[in-house]
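>>> A predicted structure for the sequence below; I have some questions about it.
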Protein chains: 2
Amino acid sequence: MTIQLYDLVGADPARPFSPHCWKARMALAHKGLKPEVLPVRFPEVASLEGGGGRTVPLVRDGDTVVQDSFAIAEYLDDRYPDRPMLFEGMSGRALTRFVESWMQRAVHPYLVSVAVLDIHDLQDREGQAWFRAKREALFGKSLEEVQSGRTPESAAAFARTLEPLRVTLKRQPFLGGETPRFADHIVFGGFQWARVATRYPVLPEAGDPIHEWFERCLDLYDALGRRTPAAA
Amino acid sequence: MTIQLYDLVGADPARPFSPHCWKARMALAHKGLKPEVLPVRFPEVASLEGGGGRTVPLVRDGDTVVQDSFAIAEYLDDRYPDRPMLFEGMSGRALTRFVESWMQRAVHPYLVSVAVLDIHDLQDREGQAWFRAKREALFGKSLEEVQSGRTPESAAAFARTLEPLRVTLKRQPFLGGETPRFADHIVFGGFQWARVATRYPVLPEAGDPIHEWFERCLDLYDALGRRTPAAA
């Protein structure tokens, strides 16, 4: 039975943008699994699969429903251990949690601060209203105030934030070593989110090891990432 | 034949302080190996084992000399695969490089900015002169200027820098998962450096997951880390 992936989209169902859904898309492709992708919009997410405050990515594999990108990756390795592994051992999962935490705490806030209005604009009319209401409640300020990061100072600080990633990728082609692992998909998800949502430059320029790595990631799995065009 | 570890000390040979040497000490203990520890002072390091600009930690195991803490950890897993592993697979090594890069680029600069004068003061007279000359050349300013981080603003920024570590250790007892791996020893090395060198508070307070994790690390291997007293 084909695995189903509920994947977040805005007005255009062909432009998935969620960083967390991209992690799941890449994880499924890493395992050689071709899911049936079910596009969903923000207002529909909470009531998916019986509701109760669902989030995406959400995967249905036969009778099994798995929510949360990391849980999906762990599920895929557990369920399909004969396919290329997303993690090497339990310590691989544990170390990858640090990469996830670094992305969530050090990188994503900057991406939001430069792209939140563009992310808003990707949604259809109903989605825009939903997004603005939920995000403004979460941040306690207007989206226009949240998008405060488009300054040279913020860009310079972000370049410093990326130093650990840069140093690592100068040494090795992927965070996972010679080949990608789920840690790569986690970081890819964030940069792909920015690539699809905004023309504001987030990715370091050509020649930077992070740029070269991102290009390698875009090429993975028959160019799965590249097939969704960048914001134009 | 007993493995020898050249370990950096200052005026007191019983107070090893180097973060990189602590990584190697912890790695050897992790493998159940009890090295003969050879204390060396800064001015002696470059001419160790034939010279040519040596650095510490430096390990001699029979005819093999290995320099650099990460290389030592990899060597120990390669040479002693029947003992507890510091890394799980090649992707474990690759992911641990990210932790190393994060420590070096995001954490160590702050530690230097609050403790460099205390590190200077740990050295004997000759070591102090060496340290001041080398570090002032490296930083292009006086040690007094390098030690610019003892402000509430810097402490607050450092607390934010530690968020990815905090979030990870809230979820699991060690970076490596249920048991420590070399990634833990890398981060431990930095905080142990601060613990031994300075009374300036660097470690988050009791109740913080990082604090609890550090206490667990101090207890590892018959309390190897705890046996070197904190700065007083």
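Looks like it came in fine.
>>> who touches residue A:12 in this structure?
Residues touching residue A:12, when contacts are defined by Cβ atoms under 8 Å, 6 or more residues apart in numbering or on different chains, comprise residue A:122. (C-beta placed from N, C-alpha, C; glycine too.)
>>> how near is it to residue A:41?
In this structure, residue A:12 lies at 11 Å from residue A:41, with Cβ to Cβ, to the nearest Å as the measure.
>>> and for residue A:64?
With distances defined as Cβ to Cβ, the gap from residue A:64 to residue A:41 amounts to 24 Å.
>>> and those two? Which one has more around it.
residue A:41 (17 against 10; other Cβ atoms under 10 Å in any protein chain shown).
>>> list the residues that contact the more buried one.
Residues A:8, A:9, A:10, A:123, A:124, A:126, A:127 are the ones in contact with residue A:41 under the rule Cβ under 8 Å, 6+ apart.
>>> any of the residues you listed buried? List them.
By the neighbour-count criterion of 16 or more other Cβ atoms under 10 Å in any protein chain shown, the contacts of residue A:41 include these buried positions: A:8, A:9, A:10, A:123, A:127.
>>> give me the pLDDT for the residue found closest to the fourth one once you drop the neighbours it is linked to in the chain.
In space, not counting the residues next to it along the chain, residue A:123 is nearest to residue A:10; the distance is 4.3 Å by Cβ to Cβ, 6 or more residues apart in numbering or on different chains. You'll see residue A:10 listed with a pLDDT of 97.
>>> so which strand or helix has residue A:10?
Per DSSP states H and E, residue A:10 falls between elements, in no helix or strand.
>>> ditto for residue A:204
Since the elements are taken from DSSP H and E, residue A:204 ends up inside neither a helix nor a strand.
>>> torsion angles phi and psi at it?
Summarising the backbone geometry of residue A:204 under the convention degrees, to the nearest 10, its torsions are phi -60, psi 160.
>>> residues contacting it?
Remark: with contacts taken as Cβ under 8 Å, 6+ apart, residue A:204 is in contact with A:159, A:162, A:166, A:210, A:211.
>>> just among those, which is most surrounded?
Counting neighbours by other Cβ under 10 Å, the one among those with the most is residue A:162, which has 22 neighbours.
>>> for chain B, what are the nearby residues on chain A?
Within chain A, the positions lying close to chain B (Cβ under 8 Å from any Cβ of the partner chain) are A:87-99, A:101-102, A:104-106, A:160-161, A:163-165, A:167-168, A:171-172, A:174-178, A:181, A:183.
>>> mind doing that once more with 6 Å?
Neighbours of chain B within chain A, by Cβ under 6 Å from any Cβ of the partner chain: A:88-92, A:94-95, A:97-98, A:101-102, A:105-106, A:163-164, A:167-168, A:172, A:175-177, A:181, A:183.
>>> what are the boundaries of the strands in chain A?
Per DSSP state E, chain A has strands spanning A:4-8, A:36-40, A:58-61, A:64-67. These are given in chain order.
>>> okay, those strands in TSV with distance to residue B:200 next?
Rendered in TSV, the data for the strands of chain A read as follows (distance: least, Cβ to Cβ, whole Å):
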stretch	distance to residue B:200
strand A:4-8	46
strand A:36-40	51
strand A:58-61	47
strand A:64-67	44
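>>> farthest-separated two in the contacts of residue A:41?
In terms of Cβ to Cβ, the contacts of residue A:41 reach their longest pairwise distance at A:8 and A:126, which sit 14.1 Å apart.
>>> domain parsing for chain A?
A:4-79, A:89-223 (automatic domain parsing).
>>> export those domains to JSON lines and tack on distance to residue B:142?
What follows is these, written out as JSON lines (distance: least, Cβ to Cβ, whole Å):
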{"stretch": "domain A:4-79", "distance to residue B:142": "44"}
{"stretch": "domain A:89-223", "distance to residue B:142": "23"}
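>>> what's the closest of those domains to residue B:30?
Go through these one by one with Cβ to Cβ and the one that ends up closest to residue B:30 is domain A:89-223, at 12.6 Å.
>>> ends of that closest one, how far apart?
Distance between the two ends of domain A:89-223: 27 Å, counting by Cα to Cα, to the nearest Å.
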